[in-house]
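Visitor: Just the structure for this:
(2 chains)
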Amino acid sequence: MSPRPSLSRRRRPALALAAAVTALGLLTACSSAVGDGGSGGSGEPQSGGVLKVGTVTDLVPAAIFTNSNDTINLVIGQVFDSLVDYPIDSLEAEPSLAESWELAEDGTSITLQLRDDVTFHSGRPFTSEDVEFSIRQWADPKWTVQFQRTAAAITEFDTSEEHSITLGFDHPMNNVLDLLDILPIIDSETIDQLEKGEAYVGTGPFTFESWTPQSKLVLDRNDDYWGDTPRLDGVEIDIVPDAQSLVSQLRSGQLDLAQGASNRDIESLAGTGDFDQITFEGSERQTYVGTNVENPALSDPDVRRAIALSVDRDRVVEEVYRGVGYPIALPWPEYSPAYDPEANESLQQDLDEARSLLEGKDLPPLPLEYSTANPNNEAIAQIVQADLKQVGLDVELVPNEQAQQIEKLIGGSFEALWILDHAYAQYTPSSLAVSAYPFNAAKNTSNFLDDQYAAHADAAWKQPDPAGPEAEAAYADLNADLLDNLFLIELSTTFMQAVSKADLEGVSWTKRSELTFGETWLDR
Amino acid sequence: MSTAAVTEVAPAEGVRARRLRWGALAHGQGLVGVVMVALVVVAGLLAPVLAPYDPTQQIPGANLAPPSAAHWLGTDEVNRDILSRVLHGIRIDLVVVFLAVPVGAALGVALGLLSPLHAWADVATQRLLDVLLAFPVLILAITATAAMGPGLRTIAVVIVLAELPIFGRLARTSVLKVRALPYVESARVMGAGETWLLRKHVLPNSLEPLTVQLAVSMSVAVFIEGAMSFLGLGVRPPDPSLGSLIKDGIRNVWEAPFFVVGPLVVVSMLVLGFLLVAQAISAQRRR
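Guide: Below you'll find the model as predicted:
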């Protein structure tokens, strides 16, 4: 098994998490996947038992590769492996199904040496053809994956050797390892079943057994796993659509771990001492207000800037995320080569300036759509609504189901404003600009299509060295584009959280925001 | 007996019946019920005067604050005064109780009174009411929300649709019962028209069960609003309603158990108050 990035869990976030801006320092101090104990168990790793996990969202087969909800991430994280794994505190890829790799200096190809001891859950050996198949699937627009452009830029596949593959690119690109970290290796023989949600066959530590829609998923231990055999007998994922019921089930002992509770509930549970909060440090997510620039009221950059200057970001972080995060104007975490501390401070709340930007503009009430999947969203929506009201902009709140919100995100069909969070700023900066739904310069949720932005995104993407001076210059251009156009108004960087019973040990997570239970055990 | 004689006797009986009916509310459980409902109604009507804050005002620094002199019922998760929201939330329920329920009742009674006049209309109306009755209220609420979106208008429509078949059936039963009574037959033989009979005999004799049902329905309407808003099918944030306040309170019950107390007390008073009124009228009727 490849060394999955993992951190020890901390009981109480204290307000220290506000200092998540110093994530790098914290991360380097992190220990193994083993938690800090504290239960009545022996503290020694134990085998056996079925882990009961609760989430608020159900599996959506058509969106299985979109990284768009917790249940999808749980399935991908347990059932599939990727070729490389990023540690959570850096962009230095580590081996997984690929043992080693070599990138061409001109950034137009990569050769990977693959493990020869890996089999799919069906028993079929894993080969280079599976890598080609998986990349081609991701390049297929039907899956609407965020890395579709990157996958589609891989145009040549040399699979002449079973356990080695060379990928040739259409043009130089510096984010291929991002793709290889995110891309799960898919079994070609069961792709039809995968599309229908009938079977998920991968090479990961757990095998998919069953899915009962709106009810539960069952995963069993993969005894033939190429890495360390998991300690758990299996994982049962219960779908509990109501976040409050989810918390109640955890409190009453029906669940071992819950994902989808509000930060406030997680903080409250951890405060009892009977539960641990798990904070996905290194897997940052950014909360934002999106704007549809095709809406006549939002086509004016001054209006978008007024919105950006109206929102009290500190309040969102402190009151909604309970200090787990920090306010931002640009998406990049501190360790990103695109991080610019000065630019990141450039959108402080300034109601007078916002009012002057809106002066003389007769704007109609605008709908602000948010997902009801997590209570955080409604709280943020109400804060934004109140802030905008102060500058004379009326907003009508529109709650959506999570699946509906994601559909609109992918289709770019929000009427005016929306609240969501995005990922991918934790990767190579170009990945965000050419891949993420809200940012993709070729097609994004805001319907913001701009030649200059597209040119800067392309320039950032095509630099062979993602941390070189040319790339950094391109990132600076991108930052200027983002701040000038504000088609997407960043509010905060935060970290996903889950909460577990104190006797659950060894939970880890990936940079992709997937919890992983390969090293998890129940200390009972 | 002439038609004129019938009309002379009826008002005297009607006045006596009304006195008995309202007399039931002047003492005992009826009085308790009236007082409970009246307190809530007055609080709702005077909300703009009584509420210390605007119900949507977010007060800096008052995040889920416990009850205090400044905030008697504390504040919610986005810093709003819960007392102010409860008082204004009552107004939503008042609209529902005193507008949607009577509209549903009036439509139902009209259907119940008129449909038996024609056999085919009676069959068609009864089947329509069967369909409406077959829908559990929450399913009806989900369907209406899917079609119209969440909001007060949807709540009102759901309550009208929920009450319409109940009052329709009740009125029709009275029509069939009263129309068969000998004195009505006599009036008909003497040339009284159907409309006159409905107005002078059938409706007055149906009023007591309908009044009891009205009080029960008002109680149920408070529950329906609460359930719909609790499930996110009702009033949209940031507007307060008692149901949405209970929902928010339950969400924060571990950290702020005080939150849910205010809206729960008000809902309990309304539901219990209307039920006591209904029981008192019903008990008076049986005497």
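
Visitor: Look at A:Leu491 and tell me its secondary structure.
Guide: strand (DSSP: H, G, I helix; E, B strand; the rest coil).

Visitor: State the distance from it to chain B.
Guide: 15 Å (CB to the nearest CB, to the nearest Å). C-beta: built from backbone N, CA, C; applies to glycine.

Visitor: Need the pLDDT of that residue.
Guide: On the pLDDT scale, A:Leu491 is placed at 97.

Visitor: ok, now which ones touch it?
Guide: A:286-289, A:311, A:313, A:316, A:327-328, A:380 (CB atoms under 8 Å, 6 or more residues apart in numbering or on different chains).

Visitor: Looking at these, which are in helices?
Guide: If you go by DSSP state H, these have A:313, A:380 in helices.

Visitor: Tell me where the stretch 251-400 of chain A has helices.
Guide: Using DSSP state H, counting those that start in this stretch, the helices of the stretch 251-400 of chain A run over residues A:263-271, A:301-310, A:313-315, A:341-344, A:351-358, A:375-390.

Visitor: Just give me how far the helix or strand where A:Ala455 lies sits from the chain centre.
Guide: Element membership for A:Ala455, per DSSP states H and E: helix A:451-461. Relative to the centre of its chain, helix A:451-461 is centred 23 Å away, using CA atoms, centre = their mean, to the nearest Å.

Visitor: what about the spatially most central residue of chain B, is that helix, strand or coil?
Guide: For chain B, B:Met218 is the residue whose C-alpha lies nearest the centre (CA atoms, centre = their mean; 2.0 Å). With three-state DSSP as the basis, B:Met218 sits in helix.

Visitor: Pretty sure it sits against B:Val101.
Guide: Yes: between B:Met218 and B:Val101 a contact is recorded at 5.2 Å, counting by CB atoms under 8 Å.

Visitor: how about A:Leu397, what does it touch?
Guide: A:367-368, A:370, A:378, A:381-382, A:385, B:236-238.

Visitor: got the residues of the stretch 351-500 of chain A near chain B?
Guide: Applying CB under 8 Å from any CB of the partner chain, we find that the stretch 351-500 of chain A lies next to chain B at A:372, A:375, A:378-379, A:381-383, A:385-386, A:396-399.

Visitor: Now restrict these to buried residues only.
Guide: A:372, A:375, A:378-379, A:381-383, A:385-386, A:397-399 (16 or more other CB atoms under 10 Å in any protein chain shown).

Visitor: Going by neighbour count, list what's buried in stretch A:400-407.
Guide: For stretch A:400-407, by 16+ other CB under 10 Å, it's A:400, A:402-403, A:405-407.

Visitor: who touches stretch A:338-350?
Guide: A:308-314, A:328-330, A:332-333, A:387, A:429, A:472, A:475-476, A:478-479, A:483, A:489-490.

Visitor: Please point out which parts of that stretch sit buried.
Guide: Neighbour counts over stretch A:338-350 (16+ other CB under 10 Å) mark A:338-340, A:343-344, A:347, A:349 as buried.

Visitor: now swap in stretch A:410-423 and tell me
Guide: A:410, A:412, A:414, A:416-423.

Visitor: just checking, which of those belong to helices?
Guide: A:Ile410.

Visitor: Dump the buried residues of stretch A:410-423 to CSV, plus pLDDT.
Guide: Below are those laid out as CSV (pLDDT from 0 to 100):
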residue, pLDDT
A:Ile410, 93
A:Gly412, 95
A:Phe414, 98
A:Ala416, 98
A:Leu417, 98
A:Trp418, 98
A:Ile419, 97
A:Leu420, 96
A:Asp421, 94
A:His422, 95
A:Ala423, 92
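
Visitor: Out of the buried residues of stretch A:410-423, which is nearest to chain B?
Guide: Ranking the buried residues of stretch A:410-423 by separation from chain B, with CB to the nearest CB as the measure, puts A:Ile419 on top at 12.7 Å.

Visitor: Could I get the contacting residues of the closest one?
Guide: Neighbours of A:Ile419 in contact, by CB under 8 Å, 6+ apart: A:287-290, A:368-371, A:377, A:380-381, A:384.

Visitor: With B:Thr173 instead?
Guide: Residues counted as contacts of B:Thr173 (CB under 8 Å, 6+ apart) are B:Gly112.

Visitor: how near is it to B:Ala180?
Guide: Taking CB to CB, to the nearest Å as the measure, B:Thr173 falls 12 Å from B:Ala180.

Visitor: likewise B:Ala227?
Guide: 39 Å.

Visitor: Of those two, which one has the most company?
Guide: Neighbour count, other CB atoms under 10 Å in any protein chain shown: between B:Ala227 and B:Ala180, B:Ala227 has more, with 19 against 9.

Visitor: Is that one in contact with B:Ile139, as I believe?
Guide: No: counting by CB under 8 Å, B:Ala227 stays clear of B:Ile139, with 11.8 Å between them.

Visitor: Can you get me a residue count around the residue of the stretch 101-250 of chain A found nearest chain B?
Guide: Taking CB to the nearest CB, chain B has its nearest neighbour within the stretch 101-250 of chain A at A:Gln244, 5.4 Å off. Neighbour count for A:Gln244, taken as other CB under 10 Å: 19.

Visitor: which residues does it contact?
Guide: A:265, B:250-251.

Visitor: just the contacts of A:Leu491 now: which is nearest chain B?
Guide: Distances from chain B to the contacts of A:Leu491, taken as CB to the nearest CB, are shortest for A:Ile380 (9.2 Å).

Visitor: Leaving out chain neighbours, which residue sits closest to A:Asp223?
Guide: Using CB to CB, 6 or more residues apart in numbering or on different chains and skipping the chain neighbours, the partner closest in space to A:Asp223 is A:Thr229 (6.2 Å).

Visitor: In which helix or strand does the one you found reside?
Guide: Element membership for A:Thr229, per DSSP H and E: none, as it lies in no helix or strand.

Visitor: repeat for B:Ser84
Guide: For B:Ser84, the host element (DSSP H and E) is helix B:82-95.

Visitor: And for A:Ala498?
Guide: Using DSSP H and E, A:Ala498 sits within strand A:488-501.

Visitor: the inter-axis angle of that strand versus helix A:375-390?
Guide: 150 degrees (axes from the mean of the first three to the mean of the last three CA atoms, to 10 degrees).

Visitor: any chance of the residues of the stretch 351-500 of chain A next to chain B in CSV, with pLDDT and distance to B:Leu111 too?
Guide: Below are these laid out as CSV (pLDDT from 0 to 100; distance: CB to CB, whole Å):
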residue, pLDDT, distance to B:Leu111
A:Thr372, 87, 37
A:Pro375, 85, 42
A:Glu378, 93, 40
A:Ala379, 95, 45
A:Ala381, 97, 42
A:Gln382, 97, 42
A:Ile383, 97, 47
A:Gln385, 97, 42
A:Ala386, 96, 45
A:Glu396, 94, 36
A:Leu397, 93, 37
A:Val398, 91, 36
A:Pro399, 89, 35
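
Visitor: Check those against A:Ser68 and report the nearest one.
Guide: Nearest to A:Ser68, judged by CB to CB, of those is A:Thr372 at 15.1 Å.

Visitor: separation between the closest one and A:Asp394?
Guide: 22 Å.

Visitor: And the residue of the stretch 1-150 of chain A that's closest to chain B?
Guide: The nearest approach of the stretch 1-150 of chain A to chain B comes at A:Val56, 13.1 Å away (CB to the nearest CB).

Visitor: Just list the residues touching the residue nearest to B:Ile246 when sequence neighbours are not counted, thanks.
Guide: Distances taken as CB to CB, 6+ apart place B:Pro263 nearest to B:Ile246, at 5.0 Å, with adjacent residues excluded. Neighbouring residues of B:Pro263 by CB under 8 Å, 6+ apart: B:82, B:86, B:89, B:242, B:245-246, B:249.

Visitor: B:Pro263 belongs to a helix?
Guide: Yes: counting by three-state DSSP, B:Pro263 falls inside a helix.

Visitor: any idea how far it is from B:Ile250?
Guide: For B:Pro263, the distance to B:Ile250 equals 10 Å [CB to CB].
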